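Trainee: pasting the sequence and the predicted coordinates here, then a few questions.
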Amino acid sequence: MISGVVLAAGTSSRFGSTKQILILGSKPLVVHAIDALRDAGVGELLVVVGHDREAVEAVLPPDVRIVWNASYRDGQATSLAAALHDVADESEAAIVLQADQPGVTAHDLRALIVGFLADRAQIARLRYLDGPGPALLSREIYAEAGHLQGDAGARLLIASHPEWVHEVLVERPAPRDIDTPEDLRTP
């Protein structure tokens, strides 16, 4: 089984309010990531919450498992560690998405799963035409990911162990993150 993890615990400091609950299209920003993972066929969905916990939890679908990260102020790495600690025992890997990347599609994530299953690399990562995208982490490196600190998340792990990484090419530009209100106005 492949797990799906959405990191939604951040303070949204550059945005100025809790962006995870912002309605984009017809649904909250965090639900875009959940739906992409669900449509990609993951076996379980975990959402890590922290800042403005009640508001974020209120918009989550009932089929997700909520993971509370009391240390969310210490950076994204704490959310990643909390999620990997809570994935199901039968999970062999976890796709990790940010709550602020609504353009990542189920098609992208299915390609990531296929890439992982093809060679069982410790890390499979999407590579868009103009840069990297979300990653899938194999269970065998969960303990390593649990030692990360700060806001780097899995990027530091990827940079430290490039030999672990299998890149899966996506033939389009990387979807933009929603970091500021201006990002919503930019096509």
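Mentor: Cool, the structure landed. Residues are numbered from 1 along each chain as shown.

Trainee: when you work out contacts or count neighbours from here on, use the C-alpha atoms and nothing else.
Mentor: OK.

Trainee: poorly predicted segments of this structure, please.
Mentor: Counting by pLDDT under 70, the chain shows low-confidence ranges at 13, 16, 146-153, 181, 185-187.

Trainee: any idea which helix is longest in it?
Mentor: Longest helix in the chain, counting residues (DSSP state H): helix 106-119.

Trainee: how close does the residue most central in space within the chain sit to residue 83?
Mentor: Nearest to the mean C-alpha position of the chain, by C-alpha atoms, centre = their mean, lies residue 97 at 1.4 Å. Counting by C-alpha to C-alpha, to the nearest Å, the gap between residue 97 and residue 83 amounts to 11 Å.

Trainee: shared neighbours, these two?
Mentor: Listed as contacting both residue 97 and residue 83 by C-alpha atoms under 8 Å, 6 or more residues apart in numbering are residue 5.

Trainee: next, the buried residues of the helix or strand harbouring residue 32.
Mentor: Assigned by DSSP states H and E, residue 32 falls within helix 29-40. In terms of neighbour count (16 or more other C-alpha atoms under 10 Å), helix 29-40 has its buried residues at 29, 30, 31, 32, 33, 34, 35, 36, 37, 38, 40.

Trainee: the fourth one: what's its closest spatial neighbour, skipping adjacent residues?
Mentor: Of all residues not flanking residue 32 in the chain, residue 102 sits nearest, at 5.3 Å (C-alpha to C-alpha, 6 or more residues apart in numbering).

Trainee: could you pull out the strands for this structure?
Mentor: Here the chain has its strands, by DSSP state E, at 2-8, 23-24, 27-28, 44-49, 65-68, 93-98, 123-128, 131-138, 165-170.

Trainee: now the residue lying closest to residue 167 once chain neighbours are set aside: how far from residue 66?
Mentor: Of all residues not flanking residue 167 in the chain, residue 125 sits nearest, at 4.9 Å (C-alpha to C-alpha, 6+ apart). From residue 125 across to residue 66, the span is 24 Å (C-alpha to C-alpha).

Trainee: same check, this time on residue 121
Mentor: 28 Å.
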